[in-house]
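K.L.:
turn this into a structure:
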Amino acid sequence: MARKTFAEPQAYKSHGAVIGYMIQWLTPDKKRKTRVFPFVAYRSERDTYDAALAELRRAIGEAQAYRDGTKTFVRDDGMTLGQFYEKHWLPERNAKKRQPRNDQSVWSKHLKNVFADTPLKTLVDPVHVRRFQTKIVSEANKPATARNVMALLKAMLNHAADLGYLPNVPRVKRVKVERKGFNVLKSDAEIDAFLKAAKKQDFEHYALYAVACYTGMRLGEIIALRWRDVDLDAGRIMVRFSHENATKSGKPRPVPIFVKLAPILKQWRKLRKDKPNELGLVFPPKKKGKLYRNDTEFFTKHYRAALIKAKLETNKTPKTDRLRFHDLRHSFASMFLSHGGSLQELKEILGHASLSTTNIYSHFVPNSFRGASGAFALAKPPQPPEPPPDDAKVAQSRPAARPKRPRKPKKVEPTLRLVK
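P.N.:
As a prediction, the model looks like this:
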């Protein structure tokens, strides 16, 4: 019996809502393949359907060509890693990533000059790869850079092996990176001072920073947020997109709207009522085709100016001590836990795939910020523990013990009986 596939893209649902289109086709070896095209913030649903249909037709046509024998893999032993990067990695793997430019940057800065002209067959020997790993670990400014470089190189070699260009992949140990601490806003007073300074600049900046401080959403999720996903009556935001793609986890998640954020969003929606945009974005880009993430002025001028105005930083603050925009997400997590929230609740709000990721905030205990109040304040502040009671009082408070009933003696039958 032939496996069932779709002749055209089908609606793909998650948590009861349609979030994109799904396609299925059979590979040359009769295996069923599935791919999902999620709705993204800067592409209409019709364009998403057309992209899914085009990819489905391409995959079906390619599979048929393999079956007919008109197309075969050319395992060229002389192919270099640079040629493989251009011919296979960019169109087949890099184009499907959430942030394709990350791989492109790593390749151009660290791998291209070393491996562009290196034949793939020579990389089977782990000595070459390990020598490069030792070099990049010693030369990289940050351990995370070395980790990302080696991760891309290994992923490319794995893809080359999948396509038949390599018989196996050399085993290389993963570069270990120690997790460093992060800077946070430590109290409601600091959050209020920061938002007050931002409000004097621009109400749009004020609203955007408030969403970051009171929801813990990532920057990409904030700039892709649509008004249809903001339910002020139910007090909930449904996070579906990040930049031009789906969220980092690939799944939508609900985020509660806290008390201080609700009036800010209501006022911002009222101000934007006369200025609608095509996609219904809560924070549309000021310049067409230019997102907030690519707006250097937004981060170097407005964001830092608000921090300096609130006296949270100075012009001489070193880069390692500066509060990055992503640190507003850490600030939300720390304040949420410090006022009684649980790690499990925080995991769902932040969209972490595993509780082990959320555990980096576990050192924030309810008494960390005793003077905080307002949006994150506990309904019942923690009470100091009561002193241990005296022994005499404990004895008096105990109920009197019931008198024990005397036990009835057991009847024992004699082993020997007298004969009459």
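
K.L.:
how close does residue 264 sit to residue 198?
P.N.:
11 Å (C-beta to C-beta, to the nearest Å). All C-beta atoms are positioned from the backbone trio N, CA, C, and that covers glycine.

K.L.:
shared neighbours of those two, which are they?
P.N.:
Counting by C-beta atoms under 8 Å, 6 or more residues apart in numbering, the common neighbours of residue 264 and residue 198 are residue 206.

K.L.:
neighbour count winner among the two?
P.N.:
A side-by-side neighbour count of residue 264 and residue 198, using other C-beta atoms under 10 Å, places residue 198 first with 25 against 20.

K.L.:
what's the helix or strand for that one?
P.N.:
Taking DSSP states H and E as the definition, residue 198 sits inside helix 188-201.

K.L.:
try residue 59
P.N.:
helix 45-68.

K.L.:
distance between that helix and the chain's centre?
P.N.:
30 Å (C-alpha atoms, centre = their mean, to the nearest Å).

K.L.:
so who does the closest residue to residue 282 other than its chain neighbours touch?
P.N.:
Leaving aside its chain neighbours, residue 282 sits nearest to residue 225 (4.5 Å; criterion: C-beta to C-beta, 6 or more residues apart in numbering). Applying C-beta under 8 Å, 6+ apart, one finds that residue 225 lies in contact with 211, 217, 237, 239, 241, 281, 282, 283.

K.L.:
tell me the pLDDT at residue 225?
P.N.:
Residue 225 carries a pLDDT value of 91.

K.L.:
and if you look at residue 418?
P.N.:
39.

K.L.:
thinking again about what came up before, tell me the one of the contacts of residue 225 nearest residue 351?
P.N.:
residue 239 (6.9 Å; C-beta to C-beta).

K.L.:
pretty sure that closest one contacts residue 247?
P.N.:
Yes. At 6.0 Å, residue 239 counts as touching residue 247 under the criterion of C-beta atoms under 8 Å.

K.L.:
and the gap between the nearest residue to residue 348 once chain neighbours are set aside and residue 103?
P.N.:
Excluding the flanking residues, the one nearest residue 348 by C-beta to C-beta, 6+ apart is residue 253, at 6.8 Å. Going from residue 253 to residue 103 by C-beta to C-beta gives 26 Å.

K.L.:
ok, now residue 163?
P.N.:
17 Å.

K.L.:
comparing the two, which shows the higher neighbour count?
P.N.:
residue 103 (21 against 15).

K.L.:
now do the contacts for that one.
P.N.:
Residues in contact with residue 103, defined by C-beta under 8 Å, 6+ apart, are 89, 94, 97, 152.

K.L.:
one more time with 6 Å
P.N.:
By C-beta atoms under 6 Å, 6 or more residues apart in numbering, the contact set of residue 103 is 94, 152.

K.L.:
helix or strand for it, which one?
P.N.:
Using DSSP H and E, the element containing residue 103 is helix 100-106.

K.L.:
flag the shaky bits of the stretch 201-350 of the chain, pLDDT-wise.
P.N.:
Residue ranges of the stretch 201-350 of the chain with pLDDT under 70: 244, 286-300.

K.L.:
please enumerate the helices of it.
P.N.:
Per DSSP state H, counting those that start in this stretch, the stretch 201-350 of the chain carries helices over the ranges 203-215, 219-223, 261-272, 296-297, 304-309, 327-338, 343-350.

K.L.:
closest one to residue 57 among these?
P.N.:
Of these, nearest to residue 57 by C-beta to C-beta is helix 219-223, at 30.7 Å.

K.L.:
neighbours of residue 58, how many?
P.N.:
For residue 58, using other C-beta under 10 Å, the count is 11.

K.L.:
let me see the domain layout of this protein.
P.N.:
Using automatic domain parsing, the domain parsing of the chain gives 10-68, 81-162, 188-361.

K.L.:
can you list these in JSON lines and add distance to residue 175?
P.N.:
Shown next, in JSON lines, are the domains of the chain (distance: least, C-beta to C-beta, whole Å):
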{"stretch": "domain 10-68", "distance to residue 175": "31"}
{"stretch": "domain 81-162", "distance to residue 175": "4"}
{"stretch": "domain 188-361", "distance to residue 175": "19"}
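
K.L.:
nearest to residue 168, out of these?
P.N.:
domain 81-162 (6.5 Å).

K.L.:
that closest one - what's its average pLDDT?
P.N.:
Domain 81-162 comes out at a mean pLDDT of 86.

K.L.:
show me how far it is from its chain's centre.
P.N.:
Counting by C-alpha atoms, centre = their mean, domain 81-162 comes out at 24 Å from the chain centroid.

K.L.:
coming back round to it: nearest to residue 364 among the helices of the stretch 201-350 of the chain would be which one?
P.N.:
Of these, nearest to residue 364 by C-beta to C-beta is helix 327-338, at 4.2 Å.

K.L.:
number of nearby residues for residue 114?
P.N.:
If we define neighbours as other C-beta under 10 Å, then residue 114 has 15 of them.

K.L.:
report the spatially nearest residue to it, omitting neighbours in sequence.
P.N.:
Leaving aside its sequence neighbours, residue 114 sits nearest to residue 132 (C-beta to C-beta, 6+ apart; 6.3 Å).

K.L.:
just residue 172 next, same as before
P.N.:
residue 129 is the one closest to residue 172 (C-beta to C-beta, 6+ apart), at 5.3 Å.

K.L.:
distance of that neighbour relative to residue 120?
P.N.:
In terms of C-beta to C-beta, residue 129 sits 12 Å off from residue 120.

K.L.:
and for residue 248?
P.N.:
Residue 248 is 32 Å from residue 120, by C-beta to C-beta.

K.L.:
more neighbours, these two?
P.N.:
More crowded of residue 248 and residue 120, by other C-beta under 10 Å: residue 120, with 22 against 15.

K.L.:
and that one, what does it touch?
P.N.:
Applying C-beta under 6 Å, 6+ apart, the residues contacting residue 120 are 79, 81, 160, 165.

K.L.:
okay, the residues you listed in CSV with secondary structure, distance to residue 181 and neighbour count next?
P.N.:
Output for the contacts of residue 120, formatted as CSV (DSSP: H, G, I helix; E, B strand; the rest coil; distance: C-beta to C-beta, whole Å; neighbours: other C-beta atoms under 10 Å):
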residue, secondary structure, distance to residue 181, neighbour count
79, coil, 45, 17
81, helix, 37, 25
160, helix, 39, 21
165, coil, 43, 21
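
K.L.:
now the residue sitting nearest the centre point of the chain: closest residue in space that isn't a chain neighbour?
P.N.:
The C-alpha lying nearest the average C-alpha coordinate of the chain belongs to residue 248 (C-alpha atoms, centre = their mean; 4.4 Å). With C-beta to C-beta, 6+ apart as the criterion, residue 248 has its nearest non-adjacent residue at 6.2 Å, and that residue is residue 242.
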